[in-house]
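[1] Any chance you can model this:
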Amino acid sequence: MELTDILGLIGGLALFLYGMNAMGAALEKSAGNKLKIFLSNATSNPFKGFLLGLIVTLIIQSSSATTVMVVGFVNSGIMTLGQSIGVIMGANLGTSVTAWILSLQAIDANNTGLAILQLFKPDTFVPIVAMIGVLLFAFQKNAKRKDVGMILLGFAILMFGMDMMSGAVEGLKDNDAFKNVLIMFSNPILGVIVGTVFTAIIQSSSASVGVLQALTKTGAVSFATAFPIIMGQNIGTCVSAMISSIGTGKNARRAAIIHLSFNIIATLIILPVFYLVDSFVDFAFMDMQMGYVSIAVVHTAFKLVALAIIAPFSKGLEKLACLIVRDSEESEENKLLDERFYTVPSVAIERSRSVAVTMAEVAVMSIRDALKLLDGYNEKEADKVREAEDKVDVFEDKIGSYLVKLSSHDMTEADSNETNKLLHVIGDIERISDHAVNIVESAEEIHDKKLAFSAEASAELNTMVAAIDEILELSLNALKNNDLSLAAKVEPLEQVVDQLRDTLKYNHVARLSAGHCTIELGFVFGDILTNLERIADHCSNIAGCVLEMAKDEMDIHEYLRNVRGDEQGEFFKLYEAFKDKYAVANAQK
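    As a prediction, the model looks like this:
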């Protein structure tokens, strides 16, 4: 083999691997929202899980990426171990499509006599695909179109690399030394080892199969050589999931074990049975020269037979994984946020939003517990509020750090905007819990100094507390359910809370002047009103972010100016309804 051929093989392999990686990354990025929808449909039904894994792998063209995501989903509690089995099986089959795409290299219109097939040859359409990809990626400002451009570019580079590898190895047709090496791989055990090791190194069975397809150009790859190598390639692709499971919870490690077990068990069953039957029947096709299409056929056939054998015993796979990774090994801790999701930003953002909702629920409950202490102070309940505030601080730190790291990854403009908005949301939620502690301190002061509000002041305060309770509920449910109609109700109620604060402060001054209230109690009353009004402000900010995340290009400040100025619009109607609901008489009247 000449130096130019060696360099051509290395360069072709480099282009092939880069193109596959670039195409896969762009596919993952552009398909993020679809993955989120598919993920929400994950179910304990194995067949639906199988379809989920199949479709996601078809979209991103990588079973390794899919199974790594599954490990992350199981680790963070989004998916159960039982649900992961069907998804992993679907991913195993989905990755076989790449081999069929690469088989386009085998099209020969001259031999078939069908000129139209010439259009499907890579030599015909890949240069056009590459040019379209360059134009979209280089000259389009729209992020989605740029992603499409990178997908096309990645595919074109992949096919160019495949063509380079094929051309470089074609000169080995008459190389006896090379043929002897390939004959060695016809030994089933050695073939499986070679396929496993090579695939583990490049961490992609699709790429490994592509290299094997390119080697068929030498004419020295027989069925006997390719068959065990293909089995080893399916085992080697499990390395990514195994590496990804390091440091995770036990169920995540079990998911990786299931992926590995599936391919090992399939090989241990199919390989001995096949060669046992061959020893009696003497299959005539063992010395058959393999090509692009025949490699794809064997690759797909192995996966289908493996599914047929193992799928009925999926529960057994789960039990085996539980035996290998036992419960006694660790106390189960469910990671809230998993960095494995960084490869699919939209899924990472959705998980962050879900955890932010949990954070908000803790903060809202802490406010409600704090407000109860105004009617009757209890030391244990006060400590409970402070513990909740500490918990919210931990949430903010974890989610904030996670989102900041996520923002350094390649994301769509919409995902980047949503990440920024979520950072604002968790900041507002944390401040709400701070106000809960402030209210507890006011309750402590009332208790320690044996202060008591007048009946009139208590009634007014209860009215404002009721308004705060509703605005908290509206904001929480708007965030939890991404409900824009609820989010739109928050701002008019916040305006009513602002007016309530002013009215209650004025009435307090009137009572103070009349001698019905002390200055000391007035300070406490004012502090409580300030905290309540600021809680409403933060609720307004959260609702505004919900609206902005739903409409990427909407300017929330412009939106609020418009709705506030429309006296016949929905904002004005809601404002009037809330004003009547939480009406408090002004002492001036």
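[2] now what about stretch 510-525, what contacts it?
    When contacts are defined by Cβ atoms under 8 Å, 6 or more residues apart in numbering, stretch 510-525 is touched by residues 442, 445-446, 449, 451-454, 456-457, 461, 504, 508, 587-588. (Each C-beta comes from the backbone N, C-alpha and C, glycine too.)
[3] and these, which of them are in helices?
    Of the contacts of stretch 510-525, the ones assigned to helices by DSSP state H are 442, 445, 446, 456, 457, 461, 504, 508.
[4] Show me which pair in the contacts of stretch 510-525 is furthest apart.
    By the measure Cβ to Cβ, those have their two most distant members at 449 and 588, which lie 29.7 Å apart.
[5] more neighbours, those two?
    Between residue 449 and residue 588, counting by other Cβ atoms under 10 Å, residue 449 is the more crowded of the two (11 against 8).
[6] For that one, give me the pLDDT.
    In this prediction, residue 449 carries a pLDDT score of 85.
[7] Can you tell me the element the nearest residue to it once chain neighbours are set aside falls in?
    In space, and not counting its chain neighbours, residue 449 is closest to residue 520: 7.1 Å by Cβ to Cβ, 6 or more residues apart in numbering. Using DSSP states H and E, residue 520 falls within helix 519-550.
[8] tell me which element the residue nearest the centre of the chain is part of?
    Nearest to the mean C-alpha position of the chain, counting by Cα atoms, centre = their mean, stands residue 347 at 2.1 Å. Residue 347 is part of helix 345-372, with elements assigned from DSSP H and E.
[9] Identify each buried residue in whichever helix or strand comes after that helix, please.
    Later in the chain than helix 345-372, the nearest helix or strand by DSSP H and E is helix 379-407. Within helix 379-407, the residues that count as buried by 16 or more other Cβ atoms under 10 Å are 382, 384-386, 388-389, 391-392, 395-396, 398-400, 402-403, 406.
[10] thinking again about what came up before, okay, the ones in helices among the contacts of stretch 510-525 in CSV with pLDDT, neighbour count and distance to residue 10 next?
    Shown next, in CSV, are those (pLDDT from 0 to 100; neighbours: other Cβ atoms under 10 Å; distance: Cβ to Cβ, whole Å):
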residue, pLDDT, neighbour count, distance to residue 10
442, 92, 21, 73
445, 89, 16, 76
446, 88, 20, 78
456, 87, 17, 87
457, 86, 19, 83
461, 90, 21, 77
504, 89, 24, 78
508, 82, 23, 81
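[11] For residue 303, state which of those residues is nearest.
    Using Cβ to Cβ, the ones in helices among the contacts of stretch 510-525 come closest to residue 303 at residue 442, 66.2 Å.
[12] Touching, the closest one and residue 528? I think so.
    Yes: assessed by Cβ atoms under 8 Å, residue 442 is found in contact with residue 528 at 5.2 Å.
[13] which residues do the two both contact?
    Shared contacts of residue 442 and residue 528, counting by Cβ under 8 Å, 6+ apart, come down to residue 374.
[14] show me the contacts for residue 155.
    Shown in contact with residue 155 (Cβ under 8 Å, 6+ apart): 19, 23, 126, 129, 133.
[15] pLDDT weak spots in the stretch 301-450 of the chain?
    Scanning the stretch 301-450 of the chain for pLDDT under 70 picks out the ranges 327-336.
[16] Phi and psi next, for residue 289.
    Main-chain torsions, residue 289, degrees, to the nearest 10: phi -70, psi 130.
[17] Spatially nearest residue to it, not counting backbone neighbours?
    Beyond its immediate neighbours in the sequence, the residue positioned closest to residue 289 (Cβ to Cβ, 6+ apart) is residue 219, lying 5.8 Å away.
[18] For that neighbour, grab the count of nearby residues.
    Residues contacting residue 219 under the criterion other Cβ under 10 Å number 16.
[19] That one contacts residue 288, correct?
    No: with contact defined as Cβ under 8 Å, residue 219 does not count as touching residue 288 (11.5 Å).
[20] any idea how the chain splits into domains?
    As assigned by automatic domain parsing, the chain contains the domains 3-326, 339-581.
[21] For the closest residue to residue 203 other than its chain neighbours, what is the enclosing helix or strand?
    Spatial nearest neighbour of residue 203, chain neighbours left out: residue 240 (4.9 Å); criterion: Cβ to Cβ, 6+ apart. Using DSSP H and E, residue 240 sits in helix 239-244.
[22] That helix: which residues count as buried?
    So for helix 239-244, counting by 16+ other Cβ under 10 Å, buried means 239, 240, 241, 242, 244.
[23] Can I get those residues in a markdown table including pLDDT?
    Output for those, formatted as a markdown table (pLDDT from 0 to 100):
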| residue | pLDDT |
| --- | --- |
| 239 | 83 |
| 240 | 77 |
| 241 | 79 |
| 242 | 83 |
| 244 | 72 |
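[24] neighbouring contacts of stretch 186-203?
    Here stretch 186-203 makes contact (Cβ under 8 Å, 6+ apart) with 17, 64, 184-185, 205, 208, 211, 222, 224-225, 227-237, 239-240, 267, 271, 275.
[25] same question, stretch 426-445
    Contacts for stretch 426-445 (Cβ under 8 Å, 6+ apart): 356, 359-360, 362-364, 366-367, 369-371, 373-374, 377, 382, 385-386, 388-389, 392-393, 395-396, 399-400, 451, 472, 524, 527-528, 531-532, 534-535, 538-539, 541-542, 545.
[26] change it to 6 Å
    The contact list for stretch 426-445 (Cβ atoms under 6 Å, 6 or more residues apart in numbering) reads 356, 359-360, 363, 366-367, 370, 373-374, 377, 382, 385, 389, 392, 396, 399, 524, 527-528, 531, 534-535, 538, 541-542.
[27] Just the buried residues of those.
    356, 359-360, 363, 366-367, 370, 373-374, 377, 382, 385, 389, 392, 396, 399, 524, 528, 531, 534-535, 538, 541-542.
[28] what would the ones in helices among the contacts of stretch 510-525 look like in a markdown table with distance to residue 314?
    Below are the ones in helices among the contacts of stretch 510-525 laid out as a markdown table (distance: Cβ to Cβ, whole Å):
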| residue | distance to residue 314 |
| --- | --- |
| 442 | 58 |
| 445 | 62 |
| 446 | 61 |
| 456 | 68 |
| 457 | 66 |
| 461 | 59 |
| 504 | 63 |
| 508 | 68 |
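[29] I believe residue 27 is in a strand; please confirm or correct that.
    No: the assignment for residue 27 is helix, going by DSSP: H, G, I helix; E, B strand; the rest coil, so no strand is present there.
[30] so how many other residues sit close to it?
    Residue 27: 22 neighbours (other Cβ under 10 Å).
[31] any idea how far it is from residue 489?
    In this view, residue 27 and residue 489 are 40 Å apart by Cβ to Cβ, to the nearest Å.
[32] now residue 302
    Distance, residue 302 to residue 489, by Cβ to Cβ: 58 Å.
[33] Next: residue 235.
    Going from residue 235 to residue 489 by Cβ to Cβ gives 56 Å.
[34] okay, now residue 66: neighbour count?
    Residue 66: 31 neighbours (other Cβ under 10 Å).
[35] actually residue 487, not the one I wrote
    26.
[36] and it, helix, strand or coil?
    helix.
[37] That one reaches residue 547, doesn't it?
    Yes: using Cβ atoms under 6 Å as the test, residue 487 is close enough to residue 547 to be in contact (5.2 Å).
[38] Mind listing the shared neighbours of those two?
    Joint contacts of residue 487 and residue 547 (Cβ under 6 Å, 6+ apart) do not exist.
[39] low pLDDT regions in the stretch 101-250 of the chain?
    Using pLDDT under 70, the stretch 101-250 of the chain drops low at 105-123, 170-176, 178-179, 182, 247-248.
[40] Okay then, goodbye and thanks.
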